[in-house]
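# Here's my sequence, what's the structure:
(chains A and B)
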Amino acid sequence: MNEQVDTPKFRYNAALACKIEAQWQDYWQEHGTFHAPNPVGDLADPKHPRSGAPKQFVLDMFPYPSGSGLHVGHPLGFIGTDVFARFQRMAGFNVLHTMGFDAFGLPAEQYAVQTGTHPRTTTEENILRYRAQLRMLGLGHDDRRSVATIDVDYYRWTQWIFLQIFNSWFDPSVNKARPIAELEAQLAHLPAAERNKIVDEHRLAYISEAPVNWCPGLGTVLANEEITADGRSERGNFPVFKRNLKQWMMRITAYADRLIDDLDDVQWPEPIKLMQRNWIGRSTGAFIDFAVGEESDQDLTRRPANIAEPPRESSKSAIKVFTTRPDTVYGATYMVLAPEHELVDKLVPAGWPAGTHGKWTTGHSSPAEAVAAYRLFTASKSEVERQADAKEKTGVFIGAYATNPANGAQIPIFIADYVLAGYGTGAIMAVPGQDERDWEFAEIFELPIIRTVEPPAGWEGKAFTGEGPAINSGMLDGLGVAEAKAKIIDWLESAKSGEGAVTYRLRDWLFSRQRYWGEPFPIVYDESGRAIALPDSMLPVELPEVADFSPKTFADDDAGSSPETPLSRATEWVHVTLDLGDGPRQYTRETNVMPQWAGSCWYQMRYADPSNDKAFIDPANEAYWVGPREGQQSGGVDLYVGGVEHAVLHLLYARFWHKILFDLGYVSSFEPYHRLFNQGYIQAYAYTDERGAYVPAEEVVEEQPGVYVWNGQKVDREYGKMGKSLRNVVTPDEMCERYGADTFRVYEMSMGPLEVSRPWETRAVVGAQRFLQRVWRAIVDETTGAATVVDTPADDATRRALHKAIAGIREDMFGLRFNTAIAKLIELTNALTKLPATPREVAEPLVVMLSPLAPHIAEELWRKLGHDETVTYQDFPVADPALLVEETVTYPVQVNGKVRARVSVAADADEETVRTAALAEVNVANPKKVIVIPGKLVSVVA
RNA sequence: GCGGGAGUGGCGGAAUGGCAGACGCGCCAGACUUAGGAUCUGGUGCCUUCGGGCGUGGGGGUUCAAGUCCCCCCUCCCGCACCA
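I've put the predicted structure just below:
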């Protein structure tokens, strides 16, 4: 190739860019350019130019270091935060920006199972590859602060935090976590066994034998958040079954209210807040007891008020329902239990009551038979089928009646799958008049419908769910919905038939996984099987070496199988003799590991104090980097950038842990991430041939609009993710080689607003390269490599253009609008290329403003302009307001909304002058009205 | 079904209620070249009888002025999905 025959020696092309970039990356590393000083500890540095300055903590959602490395979509957010962080440094802040790795997780383990390579080996190799790729992009990270969740020094503290959670309980009377010792003291009067039982039941991390999501295909249990809507595992898409298994849970439900309410104090995108609110699903209403059979004996087990869970179970003599509309109780004409509700079997009588409606029996000769048949019917339906059938209500009468506490009416009890066992109490009072589902069901089974809220005049619909006065409701008649609710709740409480209540869709967090590659629990069991926390001195509990990394997996649909953990096979590790204060004894280790979400619940705090071996973070460092501030009461990182896919999982779990640490006094902030920003995704086209096989996207050409051809054959285009199997991956490595990292960064940032997803287009990258070339050429002689700037002052127009650019770019940078900032830099540069020589007074601010976006070329140009220091800590330019005012303004003159002329007048001309000048230009005899918008336009109404 | 977001040139995208299409890609023309998938310069919404007309998913409205505000409708994307 002779492509460079005529290329000047110092043309800014890929070869030169790569050379410059490597040099500056070395410089930054040697000089620790991006080291941010801490207030205390070994990262404190009082001599640092930003020591003690106002802080900015800029955070990326840290990546899982996958084996396939980064593609061009991954760094979009990383580059965005880097640009912002570099800008903030220039704006005077002490900026913490680094990058760690969320490195526990399934892929490395699955690879280990296949190849026998230890997950640590694979993961550490992948991390090295990621670090190299990130370095190549010129990201200004403080590398001293980079941590990986698999580092023993890191997960030691993950385990320590787990112990704090295990060793605390939630006190509803103060709505916060307290040390478990305080509960033990409160129960000191009880015998040890009983006390231990109550204590263990109240821990924020506790063991429960409860229905969990068992996934035989993965050999592990999963959290609700990890299950898709059609009841399969998010990872692997295997069927998931409800099984009663003994598992670790985290009492996230105790924080449901605070997790909702504190969203008001953070600056997050509204859709994300909404998703969290919906996921938590708070409903306010009442529990109401519907008596069944003989009168009930109200035996509520009494415990000290602040440690009792509200009694949620129905008793033998009453069915407890939850409703958000207690005001409609007079309209409850029947009840529905979930088919698997525990009371069903106790309520089913031997035979159908006399006069049972023909439709209610569904043709069966006894209630027991009807119930059994219906249960079989619902159990055979998959989750998908059940949802598809949702329109068609099914159910069966169980032969028993309950008493409506409001009016004493005897109402029939049904089971139906439109009532879910897992929500509320698994039972409802059915009010067809005000509930669409109940109406549908009532129509099918010919049940009575009583309206208890008067619909508006002319209402022709069925169930009416809106506001209106109560009717047919005894003492409630005439009241609005809100007053009726309050009144009936008072009445129910005084009649001991119910109570006001709040329920949540959120369930406790299933915290154990039957995997190898995760954090071991710092827990052992004594001979009685009680879980005992290991003392801090025994941390970390390191993962043992095992021969086989795989949990036992089963056929996808083997619902009856049981989990078997990989760690349980490390028998020497499992059975230990320890002295936990009462002499050496035999203990058995917990063999589950923590879920992948554990490590990401607190990593940002470790960034702030990465090498502290006395605490997970020093309080002074915590207060400085994430403590509360004026206008930022919650505290937390200043900017957190990542994808929407973590809207409920990671973000909810991390908030939960953070609040516990706050309650226990370890942190001063009550939210981990003050401002959240969701970056869009870079998507890509993929092409399939006739057989549906993917062809290399790079080699496809568009022969005519909409006609795509590969190797002479027509192919179909689809749009979506970038992935190996889709044969459309473009890597940052390729881009850096072909254009240089700066070009790549500028291209990614110029494609559109950071929050918007957009298609990747390799051929468009050249635009960014041309821009940087023009900047280079405006300052450097392409043949000699010397700076060509002149020290003569800029002409007035150029100077004004500069200050206009400065004002706009500064604002855009603060607002994360890098695409428009780049457009303004391009405009300024294009203005410079028309000048015979670039004045230094424009070149220098241009380089400084370019540096957050294209840091390597900016450093090089800064050096060529005669500066010895890095450009990193230069002040970002500030516009001179005097130069932002134009001397003359050209007004478009509209006549009836259409531009008919333009007039130029002095910027300080008064309205009358503008008006006269405008009217002189247009031929309008007697204008009805003339509107002058100073500085904008003149509008004439003819 | 409920909730949220979005529809602007061939493409990505700009526009505190004030000149729609900044900036970039592509395309067209030209320059420099043995050459161009390099670089530079100019042009580029659509239609046009060259006067102008029409244009921000569609329809109505408010206004001197609407991509932007209000009402109705359509399409696409995301979340939740019988949540009592």
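
# From A:Ala778, how far off is the closest residue to RNA strand B within chain A?
The nearest approach of chain A to RNA strand B comes at A:Gly767, 2.5 Å away (C-beta to the nearest atom of the strand). Using the backbone N, CA and C atoms, a C-beta is placed for each residue, glycine as well. Separation of A:Gly767 from A:Ala778 (C-beta to C-beta, to the nearest Å): 17 Å.

# can you check A:Ala223 too?
A:Ala223 is 56 Å from A:Ala778, by C-beta to C-beta.

# Give me the contacts around stretch A:335-342.
Residues from elsewhere that reach stretch A:335-342 (C-beta atoms under 8 Å, 6 or more residues apart in numbering): A:290, A:314, A:319, A:321, A:343-344, A:371, A:374-375, A:378, A:395, A:398, A:402, A:411-421, A:426-430, A:438, A:441.

# For it, what does the pLDDT average out to?
Per-residue pLDDT values over stretch A:335-342 give a mean of 92.

# which of the residues in that stretch are buried?
Residues of stretch A:335-342 classed as buried: A:Met335, A:Val336, A:Leu337, A:Ala338, A:Pro339, A:Glu340, A:His341 (neighbour count, 16 or more other C-beta atoms under 10 Å).

# For the helix or strand hosting A:Gln894, which strands pair with it and how are they oriented?
A:Gln894 belongs to strand A:888-895 when assigned by DSSP states H and E. Using DSSP bridges, the strands paired with strand A:888-895 in its sheet are strand A:898-906 (antiparallel), strand A:937-941 (parallel).

# Is it possible to get a markdown table of those that adds distance to RNA strand B, mean pLDDT and mean neighbour count?
What follows is those, written out as a markdown table (distance: least, C-beta to the nearest atom of the strand, whole Å; pLDDT from 0 to 100; neighbours: other C-beta atoms under 10 Å):
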| stretch | distance to RNA strand B | mean pLDDT | mean neighbour count |
| --- | --- | --- | --- |
| strand A:898-906 | 5 | 83 | 14 |
| strand A:937-941 | 3 | 87 | 20 |
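
# per-domain residue ranges of chain A.
Listed by automatic domain parsing, the domain ranges of chain A are A:282-504, A:682-883, A:886-941.

# Which among these is found nearest to A:Tyr154?
domain A:682-883 (26.5 Å; C-beta to C-beta).

# Quote the end-to-end distance of the closest one.
39 Å (C-alpha to C-alpha, to the nearest Å).

# what do you get for stretch A:719-726?
10 Å.

# Looking at A:Gly767 and A:Ala778, which has the bigger crowd around it?
A count of neighbours by other C-beta atoms under 10 Å puts A:Ala778 above the other of A:Gly767 and A:Ala778, at 22 against 13.

# Please give me every residue in contact with that one.
A:Thr829, A:Leu832, A:Thr833, A:Thr838, A:Ala843, A:Leu846.

# what about the fourth one, neighbour count?
A count of neighbours around A:Thr838, defined by other C-beta under 10 Å, yields 23.

# got a list of what it touches?
A:Ala778, A:Ile779, A:Thr788, A:Val789, A:Val790, A:Leu832.

# Phi, psi for A:Gly399 please.
The phi/psi pair for A:Gly399 (degrees, to the nearest 10) reads phi 90, psi 0.

# and the gap between the residue lying closest to it once chain neighbours are set aside and A:Ala350?
Leaving aside its sequence neighbours, A:Gly399 sits nearest to A:Pro367 (C-beta to C-beta, 6 or more residues apart in numbering; 3.2 Å). Going from A:Pro367 to A:Ala350 by C-beta to C-beta gives 8 Å.

# So between those two, which is more surrounded?
A:Pro367 (25 against 8).

# Give the full set of residues in contact with the more buried one.
Counting by C-beta under 8 Å, 6+ apart, A:Pro367 makes contact with A:Val348, A:Pro349, A:Ala350, A:Gly351, A:Trp352, A:Thr361, A:Phe397, A:Ile398, A:Gly399, A:Ala400.

# got it, and A:Val729?
A:Ser68, A:His71, A:Ala684, A:Met722, A:Gly723.

# let's see it at 6 Å
A:His71, A:Met722 (C-beta atoms under 6 Å, 6 or more residues apart in numbering).

# Would you list the phi and psi of it?
Dihedral angles (degrees, to the nearest 10) for A:Val729: phi -80, psi 130.

# Assign a three-state SS to the residue nearest to A:Val715 when sequence neighbours are not counted, would you?
With sequence-adjacent residues excluded and distances taken as C-beta to C-beta, 6+ apart, A:Val715 is closest to A:Tyr687, at 4.2 Å. Classification of A:Tyr687 by DSSP: H, G, I helix; E, B strand; the rest coil places it in strand.

# bridging residues for A:Tyr687?
Assessed by DSSP bridges, A:Tyr687 has beta-bridge partners A:Val695, A:Arg717.

# And for it, the neighbour number?
22.

# Tell me which residues touch it, please.
A:Val695, A:Ala697, A:Val700, A:Tyr708, A:Val715, A:Arg717.

# which two from those residues end up farthest apart in space?
A:Val695 and A:Arg717 (10.7 Å).

# Give me the more crowded residue out of the two.
A:Val695 (19 against 14).

# I figured the more buried one was touching A:Asp689, is that so?
Yes: taking contacts as C-beta atoms under 6 Å, A:Val695 lies within contact range of A:Asp689: 5.5 Å.

# Could you list the low-pLDDT ranges of chain A?
A:1-6, A:294-316, A:382-384, A:390 (pLDDT under 70).

# centroid residue for it?
A:Ala647 (2.6 Å; C-alpha atoms, centre = their mean).

# which ones are touching it?
A:Ile272, A:Met275.

# in a helix, that's where A:Ile272 is, yeah?
Yes: assessed by three-state DSSP, A:Ile272 belongs to a helix.

# Neighbours of A:Arg135, how many?
Counted by other C-beta under 10 Å, the residues lying close to A:Arg135 total 18.

# can you confirm it is in a strand?
No: counting by three-state DSSP, A:Arg135 is not found in a strand; it is helix.

# Tell me the spacing between the residue nearest to it when sequence neighbours are not counted and A:Glu860.
Distances taken as C-beta to C-beta, 6+ apart place A:Gln25 nearest to A:Arg135, at 5.9 Å, with adjacent residues excluded. Going from A:Gln25 to A:Glu860 by C-beta to C-beta gives 12 Å.

# Near RNA strand B, which residues of the stretch 101-250 of chain A are found?
Within reach of RNA strand B by C-beta under 7 Å from any atom of the strand, the stretch 101-250 of chain A has these residues: A:Ala229.

# Swap in 10 Å and give it another go.
A:Asn224, A:Glu225, A:Ile227, A:Thr228, A:Ala229, A:Asp230, A:Gly231, A:Glu234 (C-beta under 10 Å from any atom of the strand).

# I am finished for the moment; much appreciated.
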